[in-house]
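K.L.:
Following is a predicted model, sequence given first.
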Amino acid sequence: MTTGNIYFEGCDSLLLLQEITGVKAPSLKIPAWLARTVGKIAPLCYCLTNTKSLFTTYPIDVLISNSQISSAKARRELGYSTRPVKESVTDAVAWFRENS
């Protein structure tokens, strides 16, 4: 970890959602290869049952891609600034509760 950087990982987000919503975070952990396999099969199941697709390989691929995203250019060129993650997630949860 580099000094001055904050890293926010997938498990952290589930625990933060648990704290904000009061809904227990899932505790089942499955290997990425199994999740990808299910994600490849799921569209066929949705098609056969004529239901909306809720699970695909895309989110799994994003999570395991180890993407390194930086807002440095936006900060430098546009004056972009962030706010605390917890504040943003709290607002998002409130919005979804009001608009669902």
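P.N.:
That came through, no problem.
K.L.:
For the top helix by length along the chain, buried residues please.
P.N.:
What stands out as the longest helix in the chain, according to DSSP state H, is helix 32-49. Neighbour counts over helix 32-49 (16 or more other Cβ atoms under 10 Å) mark 35, 39 as buried. Where you see a C-beta, it was placed from the backbone N, CA and C, and this is true even at glycine.
K.L.:
separation between the closest residue to residue 82 other than its chain neighbours and residue 77?
P.N.:
Of all residues not flanking residue 82 in the chain, residue 71 sits nearest, at 6.6 Å (Cβ to Cβ, 6 or more residues apart in numbering). Look at residue 71 and residue 77: by Cβ to Cβ, to the nearest Å, they are 11 Å apart.
K.L.:
out of the two, which sits in the more crowded spot?
P.N.:
residue 71 (11 against 8; other Cβ atoms under 10 Å).
K.L.:
Dihedrals phi and psi, the more buried one?
P.N.:
When read as degrees, to the nearest 10, the backbone of residue 71 gives phi -100, psi 10.
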